[in-house]
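Asks: how would this look folded up:
(4 chains)
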2 protein chains.
Amino acid sequence: MSSMPTAYDIRRLPEPDGLPDPLPEPDVEDLRLETVLSALSGPLRLYIVRKLLLEREEFDHTCGWFGLGRPKSSLTHHFRALREAGVIRQRQYGMERRSEVRIDDLDARFPGLLDLVAAWAPAPGETFTR
Amino acid sequence: MSSMPTAYDIRRLPEPDGLPDPLPEPDVEDLRLETVLSALSGPLRLYIVRKLLLEREEFDHTCGWFGLGRPKSSLTHHFRALREAGVIRQRQYGMERRSEVRIDDLDARFPGLLDLVAAWAPAPGETFTR
DNA sequence: GAGCCTGTACGAATCGAATCGAACTTAACA
DNA sequence: TGTTAAGTTCGATTCGATTCGTACAGGCTC
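Replies: Below you'll find the predicted structure:
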């Protein structure tokens, strides 16, 4: 593989030990471009994935961390869609559910895609943290 | 700009002279990632764009060339969606309407995206030329 | 002209996605 | 125990995309 640096490489962190198992997700080899593009084709989803990508921290983030100001049931819907498409991985920490982008898997299957997400910017006047 | 070769570069052709004007389309600077991803997020659309990308010829192709076996009104719908998203350019040649991928514009705004489309393959068992 | 071939326009049916409220679960904590 | 907090599940609504039939328009050729 090439070692071209990407915009989000500086945020690639070592996996901490003793993580809870991920929630059910598709295997790398089962990822489909049409499914991933569909999951990403919306400003809110792009916002979520881009923020996850660029503001990574150890143990990742809960839904609430995004401050999206939407009902919890809506967030469940979007995060599940992203997980089932293979874009993010979710783990259960007690009552919290934390998410991370599946960087390695997406880079392997769709090289360059995450760079597009990282470079994305909302349309002028569009807000998400209402 | 870098001069990294892409899978479809060999198909990049000089523009013939005296082309009809393109049908209305968004300017390069108005292309939105979410709109483009949405337009591409379906097997049929990916099939169309990939075929257009890899089997380019001078003066490009009509809808019928794809042999998609769908009603004409459906094809009009999909090609218009791709054009309005900025993925393809369409020109009117007499009664025919020919399409080409906006390679330069898409490469400029979303570098790497067309490589993903070019590398795409339909899911096993999926057919389009029914 | 009659047929045929491009393709559009319009409208209808249908399907799925997005959105959200309400009720529930599980855990932490005072 | 009672409260708060994170998140799920269910069901309803709404909205848009897809799909397609039908009718129509312009140009070709016999």
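Asks: Tell me the backbone dihedrals of the residue lying closest to A:Leu46 once chain neighbours are set aside, please.
Replies: Nearest residue to A:Leu46 in three dimensions, chain neighbours excluded: A:Trp120, at 5.2 Å (Cβ to Cβ, 6 or more residues apart in numbering or on different chains). Yep, even glycine has a C-beta here, placed from its N, CA and C like the rest. Main-chain torsions, A:Trp120, degrees, to the nearest 10: phi -70, psi 150.
Asks: before we move on, what about A:Gly125?
Replies: Backbone geometry at A:Gly125, expressed as degrees, to the nearest 10, gives phi 90, psi 0.
Asks: Run a quick neighbour tally on it.
Replies: By the measure other Cβ atoms under 10 Å in any protein chain shown, the count of residues near A:Gly125 is 5.
Asks: What's the separation between it and A:Gly69?
Replies: According to Cβ to Cβ, to the nearest Å, A:Gly125 stands 16 Å off from A:Gly69.
Asks: on that earlier part again, surely the residue nearest to A:Leu46 is in contact with A:Arg50?
Replies: Yes: if you go by Cβ atoms under 8 Å, A:Trp120 and A:Arg50 touch, sitting 5.7 Å apart.
Asks: residues from chain A in reach of DNA strand C?
Replies: A:42, A:44-45, A:70-74, A:77-78, A:81, A:94-95 (Cβ under 7 Å from any atom of the strand).
Asks: Include distance to A:Phe110 when you put those residues into JSON lines, please.
Replies: Listed next are the residues of chain A next to DNA strand C as JSON lines, based on distance: Cβ to Cβ, whole Å:
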{"residue": "A:Gly42", "distance to A:Phe110": "18"}
{"residue": "A:Leu44", "distance to A:Phe110": "21"}
{"residue": "A:Arg45", "distance to A:Phe110": "16"}
{"residue": "A:Arg70", "distance to A:Phe110": "28"}
{"residue": "A:Pro71", "distance to A:Phe110": "31"}
{"residue": "A:Lys72", "distance to A:Phe110": "30"}
{"residue": "A:Ser73", "distance to A:Phe110": "30"}
{"residue": "A:Ser74", "distance to A:Phe110": "27"}
{"residue": "A:His77", "distance to A:Phe110": "23"}
{"residue": "A:His78", "distance to A:Phe110": "20"}
{"residue": "A:Ala81", "distance to A:Phe110": "17"}
{"residue": "A:Gly94", "distance to A:Phe110": "33"}
{"residue": "A:Met95", "distance to A:Phe110": "33"}
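Asks: Tell me which entries of the residues you listed lie within helices.
Replies: The helices, defined by DSSP state H, take in A:Leu44, A:Arg45, A:Lys72, A:Ser73, A:Ser74, A:His77, A:His78, A:Ala81 from these.
Asks: From DNA strand D, how far out is the first one?
Replies: Pointing back at A:Leu44 there. Distance, A:Leu44 to DNA strand D, using Cβ to the nearest atom of the strand, to the nearest Å: 14 Å.
Asks: what number of residues lie near that residue?
Replies: Around A:Leu44 there are 17 other residues, counting by other Cβ under 10 Å.
Asks: now chain A, which segments are flagged as low pLDDT?
Replies: A:1-18, A:58-59, A:130 (pLDDT under 70).
Asks: mind listing the strands for chain A?
Replies: Along chain A, the segments classed as strands by DSSP state E run A:61-62, A:88-93, A:96-101.
Asks: That concludes my questions; thank you for your assistance.
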